[in-house]
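Colleague: using only what follows, build the 3D model:
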Amino acid sequence: MASGAVVRKVQKRAVVARKVAPKAAEVTRTYSPEFLAEHEAVMARVREEGAKRIKRSVERAIALGIIDKDGNLLRNDLPPDMVPGADRDFGG
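Modeller: Below is the predicted model of the structure:
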């Protein structure tokens with residue numbers, strides 16, 4: 001047996017309890033108006049792009065016949081390999 005492959009048992013006398021460092025004081029940060037304006041501009045662009053992506057996804061789901069224009073689910077059927085009695089077994 002190679003000595004490098006064996007995990008040695010930790011001796012109790014070798015374990016040293018360490019004190020937990022006290023929590024750092026809460027830091028209050030102040031941001032410049034320029035930084036806040038730039039941050040808000042970036043976030044506005046992110047929200048705008050997110051809204052566009054959501055709209056495209058909804059339009060695609062409507063075109064595929066998955067949902068109607070009000071967002072109601074149109075199809076409740078299962079794929080052929082998931083219906084009860086199918087020749088597939090998913091272990092469930």
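Colleague: how close does L74 get to V27?
Modeller: Separation of L74 from V27 (Cβ to Cβ, to the nearest Å) stands at 52 Å. Heads up, the C-betas are built off the backbone N, CA and C, glycines and all.
Colleague: among the two, which residue is more densely surrounded?
Modeller: Neighbours were tallied for L74 and for V27 using other Cβ atoms under 10 Å; the higher tally belongs to L74 (11 against 5).
Colleague: I'd like the distance between that one and I67.
Modeller: Counting by Cβ to Cβ, the gap between L74 and I67 amounts to 6 Å.
Colleague: do the same with R29
Modeller: Distance of R29 to I67, computed by Cβ to Cβ: 44 Å.
Colleague: give me the more crowded residue out of these two.
Modeller: More neighbours surround I67 than the other of R29 and I67, with 15 against 4 (other Cβ under 10 Å).
Colleague: distance of that one from V46?
Modeller: The gap separating I67 from V46 is 25 Å, by Cβ to Cβ.
Colleague: then Y31?
Modeller: Following Cβ to Cβ, the distance that separates Y31 from V46 is 18 Å.
Colleague: and what of A86?
Modeller: Here the distance between A86 and V46 works out to 44 Å (Cβ to Cβ).
Colleague: now swap in D70 and tell me
Modeller: The gap separating D70 from V46 is 27 Å, by Cβ to Cβ.
Colleague: quick one: which of these two has more around it?
Modeller: Neighbour count, other Cβ under 10 Å: between D70 and V46, V46 has more, with 10 against 6.
Colleague: Three-state assignment for that one, please.
Modeller: Classification of V46 using DSSP: H, G, I helix; E, B strand; the rest coil returns helix.
Colleague: could you check how far it is from I66?
Modeller: When distances are taken as Cβ to Cβ, V46 and I66 turn out to be 27 Å apart.
Colleague: swap in H39?
Modeller: When Cβ to Cβ is applied, the distance between H39 and I66 equals 37 Å.
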